[in-house]
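Participant: Any chance you can model this:
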Amino acid sequence: MTDVIPREDAMRAAGRVLAQALARISSMTPEEAADAAYDPLVGPSREELAAKIRALRTQNRATRAA
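Facilitator: Here you go, the predicted structure:
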């Protein structure tokens, strides 16, 4: 029999994991984050990823400033 985790506990745990991941990514330079996300078999190049990360960070800063 499998133990069932209450939904609220599962949501809290997922929130903690997400917050930790976002904090780790936010502490990286765009190039470091691109290297961490890069997969040579699929998706964009490291340079394209870094450019997307820069654009998202710029957009997020503008949204927070508004």
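
Participant: So for this protein, the centremost residue is which one?
Facilitator: Residue closest to the mean C-alpha point of the chain, counted by C-alpha atoms, centre = their mean, is L22 at 4.9 Å.

Participant: gap between that one and P30?
Facilitator: 15 Å (C-beta to C-beta, to the nearest Å). All C-beta spots, glycine's among them, are computed from the backbone N, C-alpha and C.

Participant: ok so, going back, mind checking which helix or strand the residue nearest to the centre of the chain is in?
Facilitator: helix 7-26 (DSSP states H and E).

Participant: From the chain's centroid, how far away is that helix?
Facilitator: 11 Å (C-alpha atoms, centre = their mean, to the nearest Å).

Participant: Packing partners of the following helix or strand past that helix?
Facilitator: As assigned by DSSP H and E, the chain's next helix or strand after helix 7-26 is helix 30-37. For helix 30-37, the elements it packs on are helix 46-65, judged by 3 or more C-beta pairs under 8 Å, 6 or more residues apart in numbering; DSSP states H and E.

Participant: Can you report phi and psi for V42?
Facilitator: phi -140, psi 160 (degrees, to the nearest 10).

Participant: Who does it form a beta bridge with?
Facilitator: D39 (DSSP bridges).

Participant: That one: neighbouring residues, count only.
Facilitator: Residues contacting V42 under the criterion other C-beta atoms under 10 Å number 6.

Participant: Identify the residues contacting the helix holding L22?
Facilitator: 5, 33, 36 (C-beta atoms under 8 Å, 6 or more residues apart in numbering).
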